[in-house]
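S.K.: only the shape, not the letters, is given here:
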Ligand SMILES: Cc1cc2nc3c(=O)[nH]c(=O)nc-3n(C[C@H](O)[C@H](O)[C@H](O)COP(=O)(O)O)c2cc1C
């Protein structure tokens with residue numbers, strides 16, 4: 001079993017989550033290719049995970065391009081998407097940005113699952129005026145772990 005875990009990340013927090021998900025999948029016996037969505041190509045993969053940051057109301061451009069470029073392959077393989085953005089881990093706040101994720105998925109094959117996780121603002125990585133945004137790390141690692149475990153169950157690992 002081989003999975004592709006692609007990330008569309010500007011400041012690194014989505015990439016960190018993608019690597020965490022890949023580690024978790026590896027722990028379930030699924031080999032993972034982790035790659036920047038700008039270059040990632042779905043080949044002989046049995047499973048695909050795309051992680052994408054949300055910026056200015058949109059999915060990261062490389063996430064949208066990844067979906068377009070791999071359209072045909074994604075029609076034949078189970079795939080799941082996580083978007084990251086809200087500066088909160090509250091369900092209500094996560095739901096508010098769901099339309100941003102859904103717009104990003106428009107025209108793409110239907111993912112098995114599409115979730116939103118809280119994002120990160122690290123002022124040291126941002127330039128003015130974005131470094132004026134309130135700093136915080138709103139990633140809910142338990143929810144991310146549960147997502148990875150659900151995704152792992154999409155493919156059957158030989159005993
Ligand atoms: C300039 C800027 C714009 C953002 N716009 C949104 C947005 O429209 N919706 C959202 O949910 N999060 C937004 N965020 C929060 C980011 O999605 C969040 O910081 C995420 O963790 C970034 O991922 P990255 O570190 O992998 O780039 C924005 C962050 C920045 C810096």
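M.R.: Sure thing, it's come through. This is a predicted model, so every value here is computed, not measured. Numbers count the residues shown, from 1 in each chain.

S.K.: CA only for contacts and neighbour counts going forward, please
M.R.: Fine.

S.K.: which elements pack onto the lengthiest helix in the chain?
M.R.: The helix that spans the most residues within the chain, counting by DSSP state H, is helix 13-27. Here helix 13-27 touches strand 2-8, strand 31-36, strand 47-55, helix 141-152, going by 3 or more C-alpha pairs under 8 Å, 6 or more residues apart in numbering; DSSP states H and E.

S.K.: tell me the strands beside the third one, with direction?
M.R.: This means strand 47-55. strand 2-8 (parallel), strand 58-59 (antiparallel), strand 79-84 (parallel) (DSSP bridges).

S.K.: now these in JSON lines, with mean neighbour count?
M.R.: Listed next are those as JSON lines, based on neighbours: other C-alpha atoms under 10 Å:
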{"stretch": "strand 2-8", "mean neighbour count": "27"}
{"stretch": "strand 58-59", "mean neighbour count": "20"}
{"stretch": "strand 79-84", "mean neighbour count": "24"}
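
S.K.: between the ones you listed, which gets nearest to residue 137?
M.R.: The closest of the strands paired with strand 47-55 to residue 137 is strand 79-84. By C-alpha to C-alpha, the value is 11.0 Å.

S.K.: hmm, the closest one touching the ligand?
M.R.: Yes: for a cut-off given as C-alpha under 6 Å from any ligand atom, strand 79-84 has contacts with the ligand, namely residue 84.

S.K.: angle of that strand against helix 13-27?
M.R.: 140 degrees (axes from the mean of the first three to the mean of the last three C-alpha atoms, to 10 degrees).

S.K.: and the gap between residue 74 and residue 84?
M.R.: 21 Å (C-alpha to C-alpha, to the nearest Å).

S.K.: residue 43 now?
M.R.: Taken as C-alpha to C-alpha, the span from residue 43 to residue 84 is 25 Å.

S.K.: if the residue nearest to the spatial centre of the chain is in a bridge, with which residues?
M.R.: Centroid check for the chain by C-alpha atoms, centre = their mean gives residue 51 as the closest residue, at 1.5 Å. Note on residue 51: beta-bridge partners by DSSP bridges are residue 7, residue 82.
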